[in-house]
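[1] just need the structure, nothing else, for what follows:
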Amino acid sequence: MLKLLLASQNPGKLREMKFILRDLPIQIVTPADFSIHLHVEENGKTYAENAALKAKAFSQASGLMALGDDSGLEVDALDGAPGLHSARYAPNPNADDGDRRDFLLKNLLPHPRPWTARFRTAIAIAHYANILWGIHSRPHPFGKLRTTPSLPPKGEGTSSPPSGGDVR
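    Numbering: from 1, shown residues only. As a prediction, this is how the structure comes out:
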């Protein structure tokens with residue numbers, strides 16, 4: 001059976017990716033399955049470049065086909081910020097999701113409502129550092145970015161996910 005290594009060490013992201021890929025006829029494996037511990041510098045200029053950097057690095061380290069991704073929240077009132085820097089969007093480098101959300105809301109307060117945003121993502125699959133496949137999302141309403149949404153999706157009246165689960 002074909003193995004696909006998920007190029008992430010983020011437990012939440014790994015859970016989500018495994019769920020999304022669960023029906024494919026492939027064996028999904030994680031870096032922990034092979035004791036792989038990599039830090040990939042996300043210095044690309046686009047989500048697609050960052051996804052490819054991760055896929056290539058994990059494929060080279062494992063010898064397996066690897067799926068990398070990158071994503072970010074683009075807020076219109078903030079000219080697309082935090083964008084590529086969503087995971088690091090706070091003045092404190094040790095900020096957690098709550099700190100980033102609070103910083104985002106602080107930056108939004110001077111701007112008139114309604115606040116609009118989109119969540120973008122890109123994925124790439126690499127095998128031995130060759131990019132085999134990649135896709136970049138089209139804009140779609142804001143969903144979950146490893147935090148409780150601060151901006152409700154269009155038509156939703158709450159900034160918290162419904163009781164049945166996350167807003168996607």
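[2] quick one: Phe119 and Asp33, what's the gap?
    28 Å (Cβ to Cβ, to the nearest Å). (Each C-beta comes from the backbone N, C-alpha and C, glycine too.)
[3] give me the below-cutoff pLDDT ranges for the protein.
    In the predicted model, the chain carries pLDDT under 70 at residues 129-168.
[4] can you rerun that using 50?
    Within the chain, the ranges that satisfy pLDDT under 50 run 139-168.
[5] that older thread, more neighbours: Phe119 and Asp33, which one.
    It is Phe119, of Phe119 and Asp33, that has more neighbours when counted by other Cβ atoms under 10 Å, with 21 against 14.
[6] distance of that one relative to Lys106?
    The gap separating Phe119 from Lys106 is 20 Å, by Cβ to Cβ.
[7] how about Gly80?
    Separation of Gly80 from Lys106 (Cβ to Cβ) stands at 18 Å.
[8] before we move on, what about Leu53?
    For Leu53, the distance to Lys106 - Cβ to Cβ - is 31 Å.
[9] of these two, which one has the most company?
    Shown here are Leu53 and Lys106; by other Cβ under 10 Å, Leu53 has more neighbours (20 against 10).
[10] and the helix or strand encompassing that one, which residues are buried?
    Secondary structure assignment for Leu53, by DSSP states H and E: helix 47-62. Buried residues in helix 47-62, counting neighbours by 16 or more other Cβ atoms under 10 Å, are found at 47-59, 61-62.
[11] got the contact list for the residue nearest the centre of the chain?
    The centroid of the chain falls nearest to Ser71 when counting by Cα atoms, centre = their mean (3.6 Å). Going by Cβ atoms under 8 Å, 6 or more residues apart in numbering, Ser71 touches 47, 86, 119-122, 145.
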